[in-house]
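Student: sequence and predicted model, in that order:
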Amino acid sequence: MNRPQRQRQSYSERRRILEELQLDGTQWRTPEPFDHVGRTSQNENFAIDVNPAGTGVSGLFIEQINESCTPQFNIYGNTTNWGAYTVPLAPDGSFKFDYAYQGTIGGSYPASDHLTVSGRVSNGGLAVGNLVLTTSFSGYGKQFSCSSGLQSWTAARSS
């Protein structure tokens, strides 16, 4: 399957394929739909696409981002899958997703989230960067402030 064919796959098809991927040692097997696949420093799956023109990054997928909170509380999950949302790829290979949004904790408590994913794609096919997710919410009679802390990620070209 060539790059343009992969780009035309639907969001749900790409997600289905990602869910079927199995870890083989430290590498994914058959990561067909994404240009670059790898892991975060929390040992979670990470993937992005670089468009054929080399001017944008899309398809951001992070399997899970774990957060610790003050007062003591932990958030697990936070799957990120931004599909076709595209950010510019600078001439030096750098890019940044920076997004604030509203969500819920446990489906009940409204939360304010902010995710920043920055990185650089090299001509050699390696992409590296950092991410941080912060969340604030009120629940259980308390105000919580949560963060993943600065996490690193690495992804290698899969095609």
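Tutor: Sure, I can see it.

Student: drop to CA atoms for contacts and neighbour counts, all remaining ones
Tutor: Noted.

Student: could you dump stretch 109-119 to CSV, C-alpha only?
Tutor: Below are the C-alpha coordinates for stretch 109-119, written out as CSV (Å, rounded to 0.1, in the frame of the first residue of the first chain):
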residue,chain,number,x,y,z
TYR,A,109,-17.4,15.9,36.4
PRO,A,110,-16.7,18.6,33.8
ALA,A,111,-13.0,19.1,33.2
SER,A,112,-10.8,21.6,31.4
ASP,A,113,-8.0,20.0,29.4
HIS,A,114,-4.9,21.3,27.6
LEU,A,115,-2.7,19.1,25.4
THR,A,116,0.5,20.2,23.8
VAL,A,117,2.4,17.8,21.5
SER,A,118,5.6,19.2,19.9
GLY,A,119,8.2,17.5,17.8
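
Student: any idea how far it is from the chain center?
Tutor: The chain centroid and the centroid of stretch 109-119 are separated by 11 Å under Cα atoms, centre = their mean, to the nearest Å.

Student: cool, and stretch 45-60?
Tutor: 11 Å.

Student: and stretch 146-158, by the same measure?
Tutor: Distance of stretch 146-158 from the chain centroid (Cα atoms, centre = their mean) equals 8 Å.

Student: nearest spatial neighbour of residue 131, chain-adjacent residues omitted?
Tutor: residue 117 (4.3 Å; Cα to Cα, 6 or more residues apart in numbering).

Student: just residue 130 next, same as before
Tutor: residue 152 (4.2 Å).

Student: repeat that for residue 76.
Tutor: Distances taken as Cα to Cα, 6+ apart put residue 66 closest to residue 76, at 4.7 Å, once the chain neighbours are dropped.

Student: the one you found touches residue 74, doesn't it?
Tutor: Yes - using Cα atoms under 8 Å, residue 66 is in contact with residue 74, at 7.4 Å.

Student: comparing the two, which shows the higher neighbour count?
Tutor: residue 66 (18 against 13; other Cα atoms under 10 Å).

Student: if I look at the more buried one, how far off is residue 155?
Tutor: According to Cα to Cα, to the nearest Å, residue 66 stands 19 Å off from residue 155.

Student: also residue 98?
Tutor: Separation of residue 98 from residue 155 (Cα to Cα): 19 Å.
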